[in-house]
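Asks: Just need the structure, nothing else, for what follows:
(chains A and B)
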Amino acid sequence: DQQVKQNSPSLSVQEGRISILNCDYTNSMFDYFLWYKKYPAEGPTFLISISSIKDKNEDGRFTVFLNKSAKHLSLHIVPSQPGDSAVYFCAARPSGTYKYIFGTGTRLKVLA
Amino acid sequence: NAGVMQNPRHLVRRRGQEARLRCSPMKGHSHVYWYRQLPEEGLKFMVYLQKENIIDESGMPKERFSAEFPKEGPSILRIQQVVRGDSAAYFCASSPQGDTEAFFGQGTRLTVV
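Replies: Here you go, the predicted structure:
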């Protein structure tokens, strides 16, 4: 039972354009959401997070949007850079716990 | 300030042997998490520990797997009598508090032959 879903396994975007990565979840008890970036043979690197009481959080080129009614999360990267090429994981934390439930990842390729 | 340190980076074990994976959290972090990533899958939560306490082990297999985070020294994930299906990347993460973002180490890639 996959509670956090990233339905696009891969995405290619031209350098300078916007990258939009999507994530859907099924558990309405998630209260905190995060995005991690992962390069091959490395651990995930924290990018940005959002609490369930907010609908948007912005940090530089990265913005996360949360639509609670649709149980949908998205990460916008603008402008996209070749160094952004990596696998992006969304993760959600069930309320009252300290563990994250991860999606299966989306491989982003930014073309120069 | 060094990040989360995991060792070894790569570990090869024969079926039936024991595997010990070590994790030193970031300085000042007293919360440690272990995750496992199978090929082509996302990370799966295994266990959450604070110093000398297991807080949540809901993701740990019931047999052969154990974890500890002693008062002194690194956190240890121990897998007894390894089988081929245990081959995976094991990631440790740490945080200063349980409700803040966790920072991950580079992982230990376990191969069971």
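Asks: Any regions of the chain where pLDDT drops low?
Replies: Assuming you mean chain A. Scanning chain A for pLDDT under 70 picks out the ranges A:1.
Asks: wrong chain, I was asking about chain B
Replies: Within chain B, the ranges that satisfy pLDDT under 70 run B:1.
Asks: Can you tell me what sits against stretch A:10-28?
Replies: Contacts to stretch A:10-28, defined as C-beta atoms under 8 Å, 6 or more residues apart in numbering or on different chains, come from residues A:3-8, A:33, A:35, A:68, A:70-82, A:84, A:88, A:90, A:92, A:94, A:101, A:103, A:106-112. The way it works is simple: take the backbone N, C-alpha and C, and place the C-beta from them, glycine included.
Asks: Quick one: buried ones out of those?
Replies: Buried by 16 or more other C-beta atoms under 10 Å in any protein chain shown: A:4-6, A:33, A:35, A:71, A:73-77, A:80, A:84, A:88, A:90, A:92, A:101, A:103, A:106, A:108, A:110, out of these.
Asks: Strands - which of those residues land there?
Replies: A:4-5, A:33, A:35, A:73-77, A:88, A:90, A:92, A:101, A:106, A:108, A:110 (DSSP state E).
Asks: and which of those residues is nearest residue B:71?
Replies: Using C-beta to C-beta, residue A:101 comes nearest to residue B:71 of those, at 30.0 Å.
Asks: Contact partners for that closest one?
Replies: The contact partners of residue A:101, taken as C-beta under 8 Å, 6+ apart, are A:3-4, A:27, A:30, A:91-94, B:45.
Asks: swap the cut-off to 10 Å and go again
Replies: Taking C-beta atoms under 10 Å, 6 or more residues apart in numbering or on different chains, we find residue A:101 in contact with A:2-4, A:25-27, A:30, A:90-94, B:42-45, B:59.
Asks: From residue B:78, how far out is it?
Replies: 24 Å (C-beta to C-beta, to the nearest Å).
Asks: Those residues of chain B touching chain A, which are they?
Replies: B:3-4, B:6, B:9-10, B:31, B:33, B:35, B:37, B:40-48, B:50, B:55-56, B:58-59, B:89, B:91-93, B:95, B:97-107, B:109 (C-beta under 10 Å from any C-beta of the partner chain).
Asks: Now, of those, which are buried?
Replies: B:3-4, B:6, B:31, B:33, B:35, B:37, B:42-48, B:55-56, B:59, B:89, B:91-93, B:95, B:98, B:101-107, B:109.
Asks: From the residues you listed, which land in strands?
Replies: Reading strands off these with DSSP E, I get B:6, B:31, B:33, B:35, B:37, B:43-48, B:55-56, B:89, B:91-93, B:95, B:103-104, B:109.
Asks: nearest residue to the residue nearest the centre of chain B other than its sequence neighbours?
Replies: Nearest to the geometric centre of chain B sits residue B:34, at 3.8 Å (C-alpha atoms, centre = their mean). The spatially closest residue to residue B:34, leaving aside those adjacent along the chain, is residue B:46, at 4.4 Å (C-beta to C-beta, 6 or more residues apart in numbering or on different chains).
Asks: How about the contacts made by that neighbour?
Replies: Residue B:46 neighbours (C-beta under 10 Å, 6+ apart): A:99, B:33-36, B:56-61, B:65, B:67, B:77, B:90-92.
Asks: at 8 Å instead, please
Replies: So residue B:46 contacts B:33-36, B:57, B:59-60, B:65, B:67, B:77 (C-beta under 8 Å, 6+ apart).
Asks: Identify the farthest-apart pair in those.
Replies: Taking C-beta to C-beta, no two of the contacts of residue B:46 sit farther apart than B:33 and B:65, at 14.4 Å.
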